[in-house]
Structure formats: structure tokens, C-alpha cells
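Asker: Give me the fold of what follows.
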Amino acid sequence: MSAKKKIWLSSPHIGEKERQYVKEAFDSNWIAPVGPHIITFENKLSKISKDYHITALNSGTAAIHLALLLLGVKREDEVLCSSFTFSASANPITYLGAHPIFIDSELDTWNMCPELLEKAIKDRISKGKKPKAIMLVHLYGMPAKMDKIMYIANKYDISVIEDSAEALGSTYRG
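Answerer: Just a heads-up that it's a prediction; the model follows:
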């Protein structure tokens with residue numbers, strides 16, 4: 001039997017700098033729940049845009065869960081969600097007893113299709129079930145078509161949550 005070579009989507013890597021930070025966290029006993037590195041990380045990211053303050057959580061799933069709670073999503077609500085994503089983008093919707101309504105991707109960015117998004121919103125409203133939120137994902141560092149998506153979201157007064165875990169450092173229109 002020959003050994004099969006594993007093909008990584010993103011191969012794990014920890015360099016000397018990362019090892020230094022991990023050692024420092026253990027040595028200073030700042031392992032949980034917060035510490036100086038987390039505060040520095042939040043402050044540096046918050047400087048990217050003066051409109052936001054960044055709060056770091058233990059995972060992207062926890063961040064989505066918190067965002068849904070802050071928007072008041074509850075049992076039986078519907079949240080429009082990207083279909084091409086990791087399950088963690090949709091799981092927090094179900095944690096709250098709400099229902100994910102999956103919206104397919106468009107071909108340019110592989111992110112949520114604005115045309116299909118509006119079609120789904122119209123469909124849900126016609127059935128008396130206006131979606132509580134739109135949970136979209138920016139895949140592989142490629143931002144979604146935010147101008148079009150935000151136009152639609154504003155038109156129907158629906159809040160948008162952006163899962164940007166894979167897009168940290170990406171830009172959209174500068």
C-alpha cells in the first residue's frame with residue numbers, strides 16, 4: 001500500500017514568532033479569558049475603520065452567535081445565509097432555534113448572489129415571514145458584492161452580519 005500525500009487547503013504552520021507568543025501567554029498565565037495580546041489585537045483592528053470597535057472572541061462561530069443575539073434573532077425567525085460556506089456560519093442560527101434559508105453563490109466571487117438574495121426576500125415576505133437578518137460570508141479572501149447586497153438589505157430593512165474570517169486584510173473598493 002502506498003502512502004497518500006495529504007493535500008492541504010491551508011497547511012498548518014507555526015513559526016518562531018508564534019511559538020514566542022504562545023510561550024509568553026503560558027509564562028504570564030494570560031491563557032484565558034483575555035490578556036494583553038488580545039487587547040492589542042482588538043485595538044489594532046479597530047484602527048482600520050473609525051466606525052467600528054473590534055471585539056475578539058474565541059471563534060468565528062461565537063462571533064456570529066453574538067451578532068445574532070445582538071440583532072434579537074430568536075426561535076422560529078429566519079436568517080438568510082450563504083450556501084457555500086463552512087457549517088459554522090449557519091450553526092449559530094440553529095442554536096437559537098431560528099431557521100437558515102440558504103442563498104446560492106454568484107459566479108464572480110462565489111459569495112452570496114444579490115439577485116437570488118432579493119428573490120428569496122420577496123418569497124419569504126410573500127409568505128408572511130420577513131427574514132430577521134442576512135448572514136453572508138466573504139470566501140477565500142474575496143469580498144462579496146457588498147454594494148448590491150447592502151442596497152437590497154436597506155431596501156427591505158434587514159440587518160447584515162458579515163463573516164469575514166477568511167477575508168481579514170481584504171479590501172473592497174479601496
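Asker: Going by neighbour count, list what's buried in stretch 45-60.
Answerer: Residues of stretch 45-60 classed as buried: G60 (neighbour count, 16 or more other C-beta atoms under 10 Å). C-beta: built from backbone N, CA, C; applies to glycine.
Asker: Would you indicate which residues of the helix or strand encompassing A120 are buried?
Answerer: A120 belongs to helix 114-126 when elements are defined using DSSP states H and E. Within helix 114-126, the residues scored as buried using 16+ other C-beta under 10 Å are 114, 116-118, 120-121, 124.
Asker: Would you mind writing the CA trace of it as CSV?
Answerer: Output of helix 114-126 as CSV, limited to C-alpha atoms (Å, rounded to 0.1, in the frame of the first residue of the first chain):
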residue,chain,number,x,y,z
PRO,A,114,-27.5,39.5,-4.8
GLU,A,115,-30.2,38.6,-7.3
LEU,A,116,-31.0,35.3,-5.5
LEU,A,117,-31.0,37.2,-2.2
GLU,A,118,-33.6,39.6,-3.3
LYS,A,119,-35.7,36.8,-4.8
ALA,A,120,-35.6,34.9,-1.5
ILE,A,121,-36.5,38.0,0.5
LYS,A,122,-39.6,38.7,-1.7
ASP,A,123,-40.5,35.0,-1.4
ARG,A,124,-40.3,35.0,2.4
ILE,A,125,-42.2,38.3,2.7
SER,A,126,-45.0,37.0,0.4
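Asker: sorry, back to before: can I get the buried residues of helix 114-126 in a markdown table including distance to V34 and pLDDT?
Answerer: Output for the buried residues of helix 114-126, formatted as a markdown table (distance: C-beta to C-beta, whole Å; pLDDT from 0 to 100):
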| residue | distance to V34 | pLDDT |
| --- | --- | --- |
| P114 | 38 | 98 |
| L116 | 40 | 98 |
| L117 | 36 | 98 |
| E118 | 41 | 98 |
| A120 | 39 | 98 |
| I121 | 38 | 98 |
| R124 | 39 | 98 |
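Asker: In these, find the pair that's most separated.
Answerer: The distance between the two most remote of those (C-beta to C-beta) is 15.7 Å, for P114 and R124.
Asker: just to revisit the earlier point, which one of the buried residues of helix 114-126 sits closest to A56?
Answerer: Within the buried residues of helix 114-126, proximity to A56 (C-beta to C-beta) peaks at L117, which comes in at 28.8 Å.
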